[in-house]
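> Give me the fold of what follows.
(chains A and B)
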Protein chains: 2
Amino acid sequence: MATEKWVFMVTAQTPTNIAVIKYWGKRDEVRILPVNDSISVTLDPDHLCTVTTVAVSPAFDRDRMWLNGKEISLSGSRYQNCLREIRSRAGDVEDKEKGIKIGKKDWEKLHLHIASHNNFPTAAGLASSAAGFACLVFSLAKLMNVDEDPSHLSAIARQGSGSACRSLFGGFVKWEMGSKDDGSDSVAVQLADEKHWDDLVIIIAVVSSQQKETSSTSGMRESVETSLLLQHRAKEVVPKRILQMEEAIKNRDFASFTQLTCTDSNQFHAVCLDTSPPIFYMNDTSHRIISLVEKWNRSEGTPQVAYTFDAGPNAVLIARNRKVAVQLLQGLLYYFPPKSDTDMKSYVVGDNSILKEAGLDGASGVENLQPPPEIKDNIGSQDQKGEVSYFICTRPGKGPIVLHDQTQALLDPETGLPK
Amino acid sequence: MATEKWVFMVTAQTPTNIAVIKYWGKRDEVRILPVNDSISVTLDPDHLCTVTTVAVSPAFDRDRMWLNGKEISLSGSRYQNCLREIRSRAGDVEDKEKGIKIGKKDWEKLHLHIASHNNFPTAAGLASSAAGFACLVFSLAKLMNVDEDPSHLSAIARQGSGSACRSLFGGFVKWEMGSKDDGSDSVAVQLADEKHWDDLVIIIAVVSSQQKETSSTSGMRESVETSLLLQHRAKEVVPKRILQMEEAIKNRDFASFTQLTCTDSNQFHAVCLDTSPPIFYMNDTSHRIISLVEKWNRSEGTPQVAYTFDAGPNAVLIARNRKVAVQLLQGLLYYFPPKSDTDMKSYVVGDNSILKEAGLDGASGVENLQPPPEIKDNIGSQDQKGEVSYFICTRPGKGPIVLHDQTQALLDPETGLPK
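Predicted coordinates:
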């Protein structure tokens, strides 16, 4: 087998996800076991996803990986843990057409080439590691014919990046913290698929930031070590919220969903602030967006939009339906207009068909927007150009899939090197 | 007596105070009883204080009050509670020289004129109500010959504004929450006078803000009603910190004092963020000041400066000694220089003799400042002109005093009206 020159490969696509009940704090740093359950919404991979091609060949002399076109080291324990766990579960693979036959035990000796690409800027702080590790594990499992269901795979992806385990499913996903020391019961499960609640529209405001941010890995370690509120949150607050959020999702109860999503995002940031030294992920722009949404929800009497913020200043806004999303986008563009030389289609990306519905597909749309009456005061002036880099319009989306179209592969089928 | 035209008056000065273990949350809204003890440092009244003149005359036909020259209503329950409590404790007063004699029971029928003035901008958000109610109660107690010690007076001032009770003493003050329903044991006590730890230098950065702020009264009510972290803080965290802070003050242990002061400020703001809707008192400038101090403390190995923020974006910075305060001011002015047309003596007020020590009494001092080496990165650029309105340099200070110099009275001794 070692003299053959074949390359066998699989390409897959995996979504990113946004937590609505937050994961913040590990009880085991090595196995990546959390201090509480979390729940997320999977985002439509049409707008935000990772594509990964994994290849095996007897011609490869070592494991190699390229991320967004640049070779990176696989020596870190997170990659090594994922590779080891997947290899230990590898099955027999046969491709009669190409005359390839790989036995279960061959995988220990064969080397891998991995190429991964995000269809959104990594710098945007949009949980690229979640989609990345999920896609790595999913594509390797397909390549190696691993006979495990997505929940079992999620426990492997979890060892790369905690929140990656939630990207193994579409729709609404719970990461159960588990109780075993070895982490085997710390897995993701699907609560509902992406069709269950397809009214929801998600608008992400990618907020500009001057500050260097604390990585979520070191941030949550510092919170566990120093915050006197984190354990109370994990033990007393989150378990109840998890049950309430499961109910809200089951019943498509947008009012409860919003109340839980917003308060849990704020409490996560409260724990960050209670950390020593304090961690600030939200900035004044984030605060202004929260004020805008809170005021609107109050003026409507019933919640229209939920907000949530991860370990950065970006706002993830979940509108109850398309009509509300159109109004939301109008309000956002009124307060955070693009710089004058910016094309609207590069300022609102993803599903930007919403621009037409908002009457903003023309050139002069933004200047004619009126301030939402209920939020005229207290948000600051309209002069906030440049505070938001761009918006992404998306929706709840599906889980990982294999891409069978070879043109989407990131590695050359002959050489196994990046195209 | 009713036909006589005499005016009898007293003028007093009372300091403001800054909490280092925070008060946030009432268990009784009417009596203003807190959910936890708090500890404060009294600020030198030479730089921040309220002066109040109270007058009584048979010629007055109703109670009246002027605040900073403008007549205000006394009908609010907070004023009424203070006036009622003080009147019920009034004693006999005799001024033989002027031929004035007021019996204990006359106070119920006599009317009062009150004029109060802050020697700092009310808009600066520097706890003017604390100094104000403390001064009202203290000056009335002197006028009416109330035979109560400062702790008993503090329980009256508390009913005007919670933190006012701590302004009845100089130095370091504890507000004991008490346990009685009537609030009679919810009083302030002095932990140490202002001479006990006179190395400390306090620099306040008055931070510009666009946002309208949530009042502390409504903010803390909303926190009590909605934050799931507040009770845990009040019951589990603060009691231990109070004991530790008492020890730190007793031993002049600046490292412990700083650790407790900073973490407690951050936890108070964390509880605000955990409130629904969330309350943001700090802004990006506040965050930048915290980063600056945290980095400096870390680079020195041992804490040099403590920070604390009340219900607004202003930073109160406590330097361990004068030398550190000079360096701190240089760092602050490097990052937050005045606008080009601002005179340094109006940009650094209070004890601005520190400008000379910092080599900044000349015109071109600020431009020549070098960035503190350890904090060069991560704070943002130097281009922060206008983010800080001005700085106040002060120190721990003394408690209330009567001002015997009649020229300092705010009411005319003949008419009892504002001068």
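> drop to CA atoms for contacts and neighbour counts, all remaining ones
Noted.
> Name the single longest helix found in chain A.
helix A:254-273 (DSSP state H).
> and the angle from that one to helix B:254-273?
If you take axes from the mean of the first three to the mean of the last three C-alpha atoms, to 10 degrees, helix A:254-273 sits at 170 degrees to helix B:254-273.
> Please report the distance of residue A:297 from chain B.
Separation of residue A:297 from chain B (C-alpha to the nearest C-alpha, to the nearest Å): 11 Å.
> What is the neighbour count of the residue of chain A found nearest chain B?
Closest approach between chain A and chain B, counting by C-alpha to the nearest C-alpha: residue A:270, at 4.1 Å. Other residues within reach of residue A:270, judged by other C-alpha atoms under 10 Å in any protein chain shown, total 29.
> For it, which non-adjacent residue is spatially closest?
residue B:270 (4.1 Å; C-alpha to C-alpha, 6 or more residues apart in numbering or on different chains).
> Would you check that the one you found makes contact with residue A:278?
No. The criterion here is C-alpha atoms under 8 Å, and residue B:270 misses it with residue A:278 at 9.7 Å.
> Spit out the residues that contact these two alike.
residue A:272 (C-alpha atoms under 8 Å, 6 or more residues apart in numbering or on different chains).
> Mind jotting down where the helices sit in the stretch 151-300 of chain A?
With DSSP state H, counting those that start in this stretch as the criterion, the stretch 151-300 of chain A has helices at A:216-226, A:230-232, A:238-250, A:254-273, A:284-300.
> The fourth one vs helix A:238-250, what angle?
It stands for helix A:254-273. Going by the same axes, to 10 degrees, helix A:254-273 makes 150 degrees with helix A:238-250.
> Which elements pack onto helix A:254-273?
Here helix A:254-273 touches strand A:17-21, helix A:216-226, helix A:238-250, strand A:305-308, helix B:254-273, going by 3 or more C-alpha pairs under 8 Å, 6 or more residues apart in numbering or on different chains; DSSP states H and E.
> Make CSV from the ones you listed and add distance to residue A:357 and mean pLDDT to it.
CSV is the format used below for those (distance: least, C-alpha to C-alpha, whole Å; pLDDT from 0 to 100):
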stretch, distance to residue A:357, mean pLDDT
strand A:17-21, 26, 97
helix A:216-226, 37, 95
helix A:238-250, 27, 98
strand A:305-308, 18, 98
helix B:254-273, 35, 98
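> Relative to residue B:69, tell me which of these wins on proximity.
helix B:254-273 (33.7 Å; C-alpha to C-alpha).
> Domain map for chain A?
A:8-196+A:403-408, A:201-394 (automatic domain parsing).
> orientation of the helix or strand containing residue A:329 relative to helix A:284-300 in degrees?
Using DSSP states H and E, residue A:329 maps to helix A:322-335. Angle of helix A:322-335 versus helix A:284-300, following the same axes, to 10 degrees, is 130 degrees.
> Provide the contact partners of stretch A:238-252 at residue level.
Outside stretch A:238-252, the residues that touch it by C-alpha under 8 Å, 6+ apart are A:21, A:36-39, A:172, A:191-192, A:197, A:253-254, A:256-257, A:260.
> where are the low-confidence patches of the stretch 151-300 of chain A?
Along the stretch 151-300 of chain A, the parts satisfying pLDDT under 70 run over A:210-212.
> Residue numbers of it in contact with chain B?
Residues of the stretch 151-300 of chain A lying near chain B by C-alpha under 8 Å from any C-alpha of the partner chain: A:210-212, A:228-229, A:232-233, A:237, A:263, A:266-267, A:269-278, A:280, A:283-284, A:287, A:294.
> please redo it, this time with the cut-off set to 7 Å
Within the stretch 151-300 of chain A, the positions near chain B by C-alpha under 7 Å from any C-alpha of the partner chain are A:210-212, A:229, A:263, A:266-267, A:270-271, A:273-274, A:276-277, A:283-284, A:294.
> nearest to residue A:337, of those?
Lowest distance from residue A:337 to those (C-alpha to C-alpha) belongs to residue A:284, with 16.2 Å.
> What is the neighbour count of that closest one?
So residue A:284, with other C-alpha under 10 Å, has 17 neighbours.
> just checking, it touches residue B:285?
No. Judged on C-alpha atoms under 7 Å, residue A:284 makes no contact with residue B:285 at a distance of 9.3 Å.
> Serialize the helices and strands packed on helix A:254-273 to TSV and add fields for distance to residue B:82.
TSV is the format used below for the helices and strands packed on helix A:254-273 (distance: least, C-alpha to C-alpha, whole Å):
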stretch	distance to residue B:82
strand A:17-21	46
helix A:216-226	42
helix A:238-250	43
strand A:305-308	44
helix B:254-273	28
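> deepest of these, which one?
strand A:17-21 (a mean of 27; mean count of other C-alpha atoms under 10 Å in any protein chain shown).
> tell me what that strand is packed against?
Contacts defined by 3 or more C-alpha pairs under 7 Å, 6 or more residues apart in numbering or on different chains; DSSP states H and E place strand A:17-21 against strand A:38-42, helix A:254-273.
> That one pairs with which strands, parallel or anti?
strand A:38-42 (antiparallel) (DSSP bridges).
> just to revisit the earlier point, which residues are in contact with the residue of chain A closest to chain B?
B:270, B:271, B:273, B:274 (C-alpha atoms under 7 Å, 6 or more residues apart in numbering or on different chains).
> Go ahead and confirm the second one touches residue B:229.
It stands for residue B:271. Yes. The pair residue B:271 / residue B:229 is scored as a contact, 6.3 Å apart, by C-alpha under 7 Å.
> returning to that earlier point: please identify the deepest-packed of the domains of chain A.
Mean neighbour count (mean count of other C-alpha under 10 Å) peaks for domain A:8-196+A:403-408 among these, with a mean of 21.
> tell me how far it is from the chain's mean position?
Offset of domain A:8-196+A:403-408 from its chain centre (C-alpha atoms, centre = their mean, to the nearest Å): 13 Å.
> swap in stretch A:188-201?
15 Å.
> Span of that stretch from start to end?
Distance across stretch A:188-201, first residue to last, is 23 Å (C-alpha to C-alpha, to the nearest Å).
> And for stretch A:291-307?
11 Å.
> returning to what we had before: nearest to residue A:118, of the helices and strands packed on helix A:254-273?
strand A:17-21 (13.4 Å).
> what residues does that closest one touch?
So strand A:17-21 is in contact with A:38, A:39, A:40, A:41, A:42, A:43, A:166, A:167, A:261, A:264, A:308, going by C-alpha under 7 Å, 6+ apart.
> Repeat the analysis, applying 8 Å as the threshold.
For strand A:17-21, the surrounding residues in contact (C-alpha under 8 Å, 6+ apart) are A:37-43, A:127, A:130-131, A:166-167, A:238, A:241-242, A:245, A:260-262, A:264-265, A:308, A:310, A:316.
> Residue A:401 touches residue A:10, doesn't it?
No. Using C-alpha under 8 Å as the test, residue A:401 is too far from residue A:10 to be in contact (10.8 Å).
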